[in-house]
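Peer 1: Here is my input, please return the structure:
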Amino acid sequence: MGSDYPPSLRCGLPGLILSLETAFILIFWFCFSNESGSTPKDLDIYPAFQDVNVLVILGFGFLLAFLKRYGFSSTGFNLLIAALGVQWAVLVEGFLFSSSAGKMKISLHSILKASISVTAVLISAGALLGKANPIQLIWMAMVEVAAFVTSRWINVKFLKVEEHTSLMHVPIFGTYFGLAVSWWLYHSSLSEKVEKEKSNPISDLFSMLGALFVWMFWPSFNSVLIVDLMERRNAICNTYYAIAVSAVAAFALSSLSSRNGKIRMTYLNSVLKIHDTCGVHYMFGLPGLLGAIVNVILFIIIKRANLSGLGYLALIEVGSFMLTTAIGLGTGFITGFILTFKLWKTLPASKYFDDQAYWEFPHLAYRL
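Peer 2: Numbering: from 1, shown residues only. As a prediction, the model looks like this:
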């Protein structure tokens, strides 16, 4: 019978973080140049960059803070994997997408693309919330970022999908990668919610605050990489219309699905043996798939006047998001299997959803 005490991360976590940072610094020093990092054109995107940064750090950090005993870990680990993931994403993006000779250039634009890419990891972390320790999350982030950027590279280089479109597959990839990992971390004790997995009014309020941040800045997230001004304007407006309608419909469906007609923070429970703590399948996965399908339909309608080659182009659009989904599921399945090994110092199920497994609480030190 295993111990109910969480394993110590005193050596493993600092060693992993310091090793990664040392490797990142050396790679940046020898392989990258910052010569074009402060041009006026680059700085023009800083307001939009800040919008994306607020969504990634504040939005997702608070969105995942709904568990009443896991708020520190939700926000803290979100910052940890986002900060490490962005650095790694810049490196992978540079090696795969940069074709210029000599040192690769780093700019605000490359950091912006990396921030969007790392959103996939934050979505996946929602499915694993409370069940994975920081070491597992960091390794998952390294694998997932590399896999997502590789899937984008395949889409852009071979299927000739626009780079902006390939980045908008991030909710699909993050969801199904996370669900595949979560399948391996499923425990029979999770079939019914335990006390520590529940929320309270304060934690729900923080989670709602995160949802509002995501809601406010999602139009910037969807449009920031579009070059054409008219297309960017359309993307902003269409995204706003879509999320506005979705928000109103959510209130209606929540009231309709409740026996007493009251509005609830959650609904639509999973029926598979996949413990999706944050419900990312309904929050990001299904909307992402629906958006991809609608994009194909609209593409056909818009291009119907030019029938020559329309079927091939539509097939490319369908193949793009299906390839993204397949790579997400496949790499997530392999990653989840690897994360079940004992070397990751996996938490016992009795310590799931509990900040005290990782954080010091001085006011509890003398409690009997």
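Peer 1: so where's the stretch 101-250 of the chain shaky on pLDDT?
Peer 2: Applying pLDDT under 70 to the stretch 101-250 of the chain flags residues 101-103, 188-194.
Peer 1: Show me the strands in it, by range?
Peer 2: Assigned by DSSP state E, counting those that start in this stretch, the strands in the stretch 101-250 of the chain fall at 104-105.
Peer 1: what's around the closest residue to Leu128 other than its chain neighbours, how many residues?
Peer 2: Leaving aside its sequence neighbours, Leu128 sits nearest to Ser182 (C-beta to C-beta, 6 or more residues apart in numbering; 5.7 Å). In short, each C-beta sits where N, CA and C put it, glycine included. Neighbours of Ser182 under the rule other C-beta atoms under 10 Å: 28.
Peer 1: What residues does Ser182 make contact with?
Peer 2: Ala127, Leu128, Lys131, Ile274, His275, Asp276, Gly336 (C-beta atoms under 8 Å, 6 or more residues apart in numbering).
Peer 1: Against Ser74, how distant is the residue lying closest to Ala147 once chain neighbours are set aside?
Peer 2: Of all residues not flanking Ala147 in the chain, Thr331 sits nearest, at 4.1 Å (C-beta to C-beta, 6+ apart). In this view, Thr331 and Ser74 are 24 Å apart by C-beta to C-beta, to the nearest Å.
Peer 1: Between those two, which is the more surrounded one?
Peer 2: When Thr331 and Ser74 are compared for neighbours, Ser74 comes out ahead with 28 against 22, by other C-beta under 10 Å.
Peer 1: Mind checking the pLDDT average for whichever strand or helix holds that one?
Peer 2: Assigning secondary structure by DSSP states H and E places Ser74 in helix 71-97. What helix 71-97 shows for mean pLDDT is 94.
Peer 1: In helices only, show me the contacts of Ser182.
Peer 2: Cross-referencing those against helices under DSSP state H gives Ala127, Gly336.
Peer 1: Now stretch 123-140 - C-alpha only, PDB.
Peer 2: Below are the C-alpha coordinates for stretch 123-140, written out as PDB (Å, rounded to 0.1, in the frame of the first residue of the first chain):
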ATOM      1  CA  ILE A 123      -5.900  24.400 -21.700                       C
ATOM      2  CA  SER A 124      -4.500  20.900 -21.200                       C
ATOM      3  CA  ALA A 125      -3.600  21.700 -17.600                       C
ATOM      4  CA  GLY A 126      -7.200  22.400 -17.000                       C
ATOM      5  CA  ALA A 127      -8.100  18.800 -17.700                       C
ATOM      6  CA  LEU A 128      -5.300  17.700 -15.200                       C
ATOM      7  CA  LEU A 129      -6.000  20.300 -12.600                       C
ATOM      8  CA  GLY A 130      -5.200  19.000  -9.100                       C
ATOM      9  CA  LYS A 131      -3.900  15.600 -10.300                       C
ATOM     10  CA  ALA A 132      -0.500  16.400 -11.700                       C
ATOM     11  CA  ASN A 133       2.500  17.800  -9.800                       C
ATOM     12  CA  PRO A 134       4.700  20.600 -11.200                       C
ATOM     13  CA  ILE A 135       7.400  18.300 -12.600                       C
ATOM     14  CA  GLN A 136       4.800  16.400 -14.600                       C
ATOM     15  CA  LEU A 137       3.300  19.700 -15.800                       C
ATOM     16  CA  ILE A 138       6.600  21.100 -16.900                       C
ATOM     17  CA  TRP A 139       7.500  17.900 -18.900                       C
ATOM     18  CA  MET A 140       4.000  17.900 -20.400                       C
END
